[in-house]
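[1] Pasting a predicted model and its sequence here:
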Amino acid sequence: MSPALGPAQQVVDPGDVVLDVAECEVVEAELASAVAAQPFDLTRDLPVRARLFVLGPGDVVLALVVHHISVDGRSMGPLIRDLVTAYLACRAGTSPQWPPLPISYIDYTLWKHEQLGEFTDEWSRATHQLRYWANALAGRPALLDLPGREQPVAPIDPVAGALLPISFDAATHAGLLRVAQDGRASLFMVLQAAFALTVGAFARSADVTVATAVSGRDHRLLDDLVGNFSDDVLMRIRLDRAGDVGELIDQVRRVALAAYAHPDTPNPRVKRCLLQDAALPLFQATLILQRAGAPRTATEPSPAQGLSITEVPTGVVRAKHDLEFGLTDHYDPLGTPAGIDGSFIYPIARFDEATAQQFVARFRAVVGLLADGYRGPLAALLATTGRGRSLSTARRATRALV
């Protein structure tokens, strides 16, 4: 890292990489904490490490820990597939035969630089996208006034988080899809509208900026690459410019499509073009929706191969943002909506559990109202008594529609 220029990427030749696969003896009760015990120091460490935990005779766990700077969620499929290929080959006493990749991550980065051009070129795609964000975010509230806990007596890790589960049944899922179809929008856009309403009510602000993640894998040749292609895009929602639910969903649809069309500007670059304190976060609230995985394919390990993959929860929750929903929509084999589930993550240094529960309850209530057919004014959804919930007017309106 150069103090003058900031962080810089260093690409290490594969032949120079020595991955120390240390062997450690642990008891099963200590496995989770042992996996999550050591953080990365990216100024000197490779963003990957491996440990072989021996629980007992014939009971061994290989833990591969990779920093998020090097992998995204869609990397997990090809990464696990390649690990399984290597394991099965090793067990058979042969060398693993991986199909050659059509391109490398370096190919992708070079192509991306060529596609975007330089910020010094006023006609480049990079400059065009930066100009969009500068205009879209100009004049927004730099910080949402979210109801936080009082300063705790004991210091708390600022990224230490807690998790609350959330789920919606198949009927609510189907109702949201009907709303999306009526508004020429997607399920994600309807959920994002409900999220913006909830954030706006909680922060007592009609101008909220929320975010979501984009995969960044805009070509099929990238599907099998392991790397971090994902990024955040921002959506500034003006609740005061929508008279009713239909107008809000239409606004969210237009804002989301514009954000998806400008996904390549790094967040630090966006921050430098805004008139706000650089120490303030670019956004505080994010909602991510992903489709549940398809049934197991023939390329995945099966019981016949004597291999199973089990997720080992570490119990460590990291809250990158103040308000964060990670949701998954599920469908049965015929494509019928089967429900939505996920979790809400929040920093415990920022909110106590009661406040977090209130936020989740309000989001669930707004989603339920939209799914049940409420199409009226936003005022009833934003009305609050202090920071509590007051949705009775909207509920009565929904019952009248039914």
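    Okay, I see it. All values reported here derive from a predicted model rather than from experimental measurement. Numbering: from 1, shown residues only.

[2] How far does stretch 220-230 sit from its chain's centre?
    Stretch 220-230 has its C-alpha centroid displaced from the chain centroid by 16 Å (CA atoms, centre = their mean, to the nearest Å).

[3] Point out where this structure drops to low pLDDT.
    1-7, 37, 151-154, 293-306, 384-402 (pLDDT under 70).

[4] where exactly do the helices run in it?
    31-35, 76-91, 105-116, 125-136, 170-182, 187-203, 245-260, 267-272, 353-372, 379-382, 392-401 (DSSP state H).

[5] need the ones you listed in TSV with distance to Val48 and mean neighbour count, can you?
    Every residue, glycine included, has its C-beta placed from N, CA and C. Formatted as TSV, the helices of the chain follow (distance: least, CB to CB, whole Å; neighbours: other CB atoms under 10 Å):
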stretch	distance to Val48	mean neighbour count
helix 31-35	14	16
helix 76-91	10	15
helix 105-116	13	13
helix 125-136	30	16
helix 170-182	37	17
helix 187-203	31	25
helix 245-260	30	18
helix 267-272	24	14
helix 353-372	33	19
helix 379-382	45	20
helix 392-401	49	14
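
[6] Could you check the ones you listed and tell me which one is nearest Gln284?
    The minimum distance between Gln284 and those falls on helix 187-203, with 8.2 Å, by CB to CB.

[7] What angle do helix 353-372 and the longest strand along the chain make with each other?
    Looking across the chain with DSSP state E, the single longest strand is strand 337-347. Relative orientation of strand 337-347 and helix 353-372, computed by axes from the mean of the first three to the mean of the last three CA atoms, to 10 degrees: 150 degrees.

[8] Return the residues in contact with Ala213.
    230-233, 286, 288 (CB atoms under 8 Å, 6 or more residues apart in numbering).

[9] That one pairs with what?
    Here Ala213 sits in beta bridges with Asp232, as judged by DSSP bridges.

[10] if I look at it, how far off is Arg51?
    For Ala213, the distance to Arg51 equals 29 Å [CB to CB, to the nearest Å].

[11] ok, back up a step: would you mind checking which of the contacts of Ala213 is nearest to Arg362?
    Distances from Arg362 to the contacts of Ala213, taken as CB to CB, are shortest for Thr286 (16.9 Å).

[12] burial count for the closest residue to that closest one other than its chain neighbours?
    Nearest residue to Thr286, sequence neighbours excluded (CB to CB, 6 or more residues apart in numbering): Ala211, at 4.3 Å. By other CB atoms under 10 Å, 22 other residues sit near Ala211.

[13] what do you get for the one 10 residues further on?
    For Leu221, the number of neighbouring residues by other CB under 10 Å comes to 12.

[14] what's the closest non-adjacent residue to Ser75?
    The nearest residue in space to Ser75 (CB to CB, 6+ apart) is Val226, at 4.5 Å.

[15] For that neighbour, which residues are in contact?
    Counted by CB under 8 Å, 6+ apart, Val226 has contacts 70-71, 75, 78-79, 82, 105.

[16] Likewise for Leu378?
    Contacts of Leu378 (CB under 8 Å, 6+ apart): 197, 239, 242-245, 248.

[17] Go again with 6 Å.
    Counting by CB atoms under 6 Å, 6 or more residues apart in numbering, Leu378 makes contact with Ala242.

[18] Would you mind measuring from the residue of the chain positioned farthest from its centre to Arg81?
    In the chain, the residue that sits farthest from the middle, by CA atoms, centre = their mean, is Gly93; the gap is 39.6 Å. For Gly93, the distance to Arg81 equals 21 Å [CB to CB].

[19] go on, Leu334?
    Distance from Leu334 to Arg81, by CB to CB: 27 Å.

[20] got it, and Asp341?
    If you go by CB to CB, the gap between Asp341 and Arg81 works out to 25 Å.

[21] picking up where we left off before, dump the contacts of Val226 into a markdown table; add distance to Gln181 as well.
    Below are the contacts of Val226 laid out as a markdown table (distance: CB to CB, whole Å):
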| residue | distance to Gln181 |
| --- | --- |
| Ser70 | 39 |
| Val71 | 35 |
| Ser75 | 33 |
| Pro78 | 34 |
| Leu79 | 36 |
| Asp82 | 39 |
| Tyr105 | 38 |
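
[22] ok, so of the residues you listed, who is nearest Ala371?
    The nearest one, if we look at these relative to Ala371 and count by CB to CB, is Ser75, at 33.2 Å.

[23] burial of that closest one, as a residue count?
    20.

[24] roughly how far apart are it and Thr314?
    From Ser75 to Thr314 the distance is 19 Å (CB to CB).

[25] now swap in Phe168 and tell me
    27 Å.

[26] picking up where we left off before, closest to Val367 among the contacts of Ala213?
    Distances from Val367 to those, taken by CB to CB, are shortest for Ile288, at 15.4 Å.

[27] Next one: the closest one relative to Val316, how far apart?
    Applying CB to CB to Ile288 and Val316 gives a distance of 19 Å.

[28] if you count what's nearby, which of the two comes out ahead?
    A direct count of neighbours by other CB under 10 Å for Ile288 and Val316 places Ile288 higher, at 19 against 12.
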